[in-house]
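K.L.:
Return atomic coordinates for the entry below.
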Amino acid sequence: MRWLALLCAGCPYVTDAELAVALDRDGDGAVGEALGGDDCDDDDRTVHPGAPEVDGDGVDQDCDGADGVLPEGATPDDRDADGYVAEALGGDDCDDEDPSVHPGAEDAWYDGVDSDCDGADDCDQDGDGYPGLPCAGDDCDDEDPAVNPGRTEVVGNLVDDDCDDVAL
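P.N.:
This is a model prediction of the structure:
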């Protein structure tokens, strides 16, 4: 087959790009090593240079010559060894690269990280639909859902109910 590639290279009827596509058996964009390319498994479209490596599965997805190594205690479905399976594999760990992020983890507000994987807005602690001031929002008391810019000021309670900097 290599001689065919050499005969057709520079052929006026087939462009180099068309030839490369024709020689890529699995359609992943990389020509197999047997034909002079760098795809180490031209029968598997998930295996090619630049493919994401699944550590510890016994397959060299990125063709760098080695399967990735998992951290101590980790498995292919729990890469960060926090005891929770990655969402991509049917689990509920929303960041399987960070062992401090998993369901039930303590979630610090306004840090931009959903540490407990609950999908809640990290900028709206009281859940009233208005982001707090630390996130450049306009909720002046993000721990009280009764105080936000959408509320009507209650006269006499000495609370700035509508976040307009005036408490009546």
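
K.L.:
so which helix or strand takes in the residue nearest the centre of the chain?
P.N.:
Relative to the mean C-alpha position of the chain, the nearest C-alpha, by C-alpha atoms, centre = their mean, is the one of residue 95, at 7.3 Å. For residue 95, there is no enclosing helix or strand under DSSP states H and E.

K.L.:
Now name the helix or strand holding the closest residue to it other than its chain neighbours.
P.N.:
Of all residues not flanking residue 95 in the chain, residue 101 sits nearest, at 4.0 Å (C-beta to C-beta, 6 or more residues apart in numbering). The way it works is simple: take the backbone N, C-alpha and C, and place the C-beta from them, glycine included. Residue 101 belongs to no helix or strand when elements are defined using DSSP H and E.

K.L.:
returning to that earlier point: need the contact list for the residue nearest to the centre of the chain.
P.N.:
By C-beta atoms under 8 Å, 6 or more residues apart in numbering, the contact list for residue 95 reads 80, 101, 102, 117.

K.L.:
and what of residue 113?
P.N.:
Going by C-beta under 8 Å, 6+ apart, residue 113 touches 101, 107, 122.

K.L.:
No further questions, thank you.
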